[in-house]
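# Kindly return the folded structure for what I paste below:
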Amino acid sequence: MNTEQTQKFKQALEEEKGVLESELKTVGRINPENSADWEPTPVLDADGQITDPNDLGTKFEEYEENTAILKPLEERYNAIKKALEKINSGNGFGICEVCGAKIETDRLEANPAAATCKTHM
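Next up, the predicted model:
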């Protein structure tokens, strides 16, 4: 893979990372003890409280929805961060983590964060 292709993939990854960060912030926050972990945020009133006990069920349901939304976004976000780290270190981007072969260009075009070749996807 040449430098121009790598830079194209890096730009696509950085753009998607920004979008994912924005989406993640709407349903969660970074775990202060583990920056690779996002936690769903509770849905509270404007004053940061659940003032009406009758709203508790609704708030819990919204929290569960945030959790369901957060998980796949977090997985994708972390895969993108890992791919960017490989690009920035110059070590391992575009190489299958299972067999060590080059990841097919069309696979990287479809998913620049791919960590495996087509055989091992």
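
# alpha carbons only for contacts and neighbour counts from here, please
Will do.

# what's the burial count for residue 91?
Other residues near residue 91 number 11, with proximity taken as other CA atoms under 10 Å.

# Mind pulling up the pLDDT for the residue lying closest to residue 117 once chain neighbours are set aside?
Leaving aside its sequence neighbours, residue 117 sits nearest to residue 103 (CA to CA, 6 or more residues apart in numbering; 4.4 Å). Per-residue confidence at residue 103 stands at 97 (pLDDT).

# I figured residue 103 hits residue 109, correct?
No: assessed by CA atoms under 8 Å, residue 103 is found out of contact with residue 109, at 10.3 Å.

# Comparing the two, which residue is more hemmed in?
When neighbours are counted by other CA under 10 Å, residue 103 and residue 109 differ, and residue 103 comes out ahead with 23 against 14.

# Any figure for the gap between the more buried one and residue 94?
According to CA to CA, to the nearest Å, residue 103 stands 5 Å off from residue 94.

# what sits in contact with each of these two?
Applying CA atoms under 8 Å, 6 or more residues apart in numbering, one finds that residue 103 and residue 94 are jointly contacted by 114, 115.

# in this structure, which residue is closest to the centre?
Using CA atoms, centre = their mean, the residue of the chain that lies closest to the mean C-alpha position is residue 77, 1.2 Å off.
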